[in-house]
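S.K.: got a sequence here, can you model it:
(one chain, ligands or ions: 1)
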Amino acid sequence: MGVLPRTTAAISAAGALLLLAVVGSTVGGSSEPALGAVTSSANAVAAEPVQLRTSAATTLTRPVFTGPTASTSRVVYLTYDDGPSRYTPKILDLLKAYRANATFFVVGSQVRTREATLRRIRNDGHLVGNHSWNHPLLTRLSPAQVRSQFRRTDAAITAQGLPQPRCERPPYGGFNTLVRRISTQRRQSMIIWTIDTRDWALPGARVIVRRTLGNVRNGSIVLMHDGGGDRRQTVAATRAILRGLHDRGYTIASLPMCR
Ligand SMILES: [Zn+2]
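M.R.: As a prediction, this is how the structure comes out:
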């Protein structure tokens, strides 16, 4: 696996430190369970610059999130995609035990079968983002289809009493100018990640833990999956990751841009 672009940079704007969450990974590879050979193309489109709305109305050229300032404690953002599933409650139990918060990017069609779990995510204090209706590569869809993917998922989430999601993550991290524009029009922030654990490939819990703890830094956004297959490794890894981050003094929080 080659070394991917890793250009985490920091700029000062309006007194805040903005950390650029660069598309790609510190540990190599593309994202998520692949349907066919989409990962390479997803990577290619994901390398395009993206403009996002920020709280400071600052227009930047890459996925961005407002990270902590130097004066705050160190923070890590754990994110879980493709749920809710039967593994989600186990992850919620672990998060609760460590008083940690995470962000769950849910698939709309999954919500119908796990409505109580979705509500528990919110009731436990975590945040929910939009991860499309049925996980297509959005770059292959028409504008109307992309809007439908996001709109239907928003509706499934709000139907359970949750607020309108403020952020979304495109399946496979794949986006282009069209997807970017639609996200902006829908006033949702696009969130990618900085650490791709590739947990979906079932490398073993220890590997998932090492990829996370070995690459973590202040402001890291960690990609894992609570749905889409057998997630026992992810559950086991989550336990060790929480312990490791806790021991290192990290605060484990939901993404502020999803609030
Ligand atoms: Zn996904």
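S.K.: would you map the strands across the stretch 101-250 of the chain?
M.R.: Assigned by DSSP state E, counting those that start in this stretch, the strands in the stretch 101-250 of the chain fall at 102-106, 127-130, 167-168, 189-190, 195-196, 221-225.
S.K.: now those strands in TSV, with distance to the ion, mean pLDDT and mean neighbour count?
M.R.: C-beta: built from backbone N, CA, C; applies to glycine. Output for those, formatted as TSV (distance: least, CB to the ion, whole Å; pLDDT from 0 to 100; neighbours: other CB atoms under 10 Å):
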stretch	distance to the ion	mean pLDDT	mean neighbour count
strand 102-106	7	98	28
strand 127-130	11	98	26
strand 167-168	11	98	24
strand 189-190	14	97	25
strand 195-196	12	98	25
strand 221-225	7	98	25
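S.K.: just send those strands back as a markdown table, with distance to D82 too.
M.R.: Shown next, in a markdown table, are the strands of the stretch 101-250 of the chain (distance: least, CB to CB, whole Å):
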| stretch | distance to D82 |
| --- | --- |
| strand 102-106 | 8 |
| strand 127-130 | 12 |
| strand 167-168 | 14 |
| strand 189-190 | 17 |
| strand 195-196 | 14 |
| strand 221-225 | 5 |
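S.K.: helices or strands up against the longest strand along the chain?
M.R.: As assigned by DSSP state E, the longest strand anywhere in the chain is strand 75-81. With contacts taken as 3 or more CB pairs under 8 Å, 6 or more residues apart in numbering; DSSP states H and E, strand 75-81 sits against helix 88-97, strand 102-106, strand 221-225, helix 232-247, strand 251-252.
S.K.: which of those is buried the deepest?
M.R.: Mean neighbour count (mean count of other CB atoms under 10 Å) peaks for strand 102-106 among the helices and strands packed on strand 75-81, with a mean of 28.
S.K.: report pLDDT for the most centrally placed residue in the chain.
M.R.: Centroid check for the chain by CA atoms, centre = their mean gives T79 as the closest residue, at 4.5 Å. With respect to pLDDT, T79 scores 98.
S.K.: nearest residue to it in space, please, no chain neighbours.
M.R.: T103 (4.7 Å; CB to CB, 6 or more residues apart in numbering).
S.K.: which regions of this protein sit below the pLDDT cut-off?
M.R.: 1-72 (pLDDT under 70).
S.K.: A253 versus the residue in the stretch 151-259 of the chain that the ion sits nearest to, what's the distance?
M.R.: Among all residues of the stretch 151-259 of the chain, P171 sits closest to the ion, at 4.7 Å; criterion: CB to the ion. Distance, P171 to A253, by CB to CB, to the nearest Å: 24 Å.
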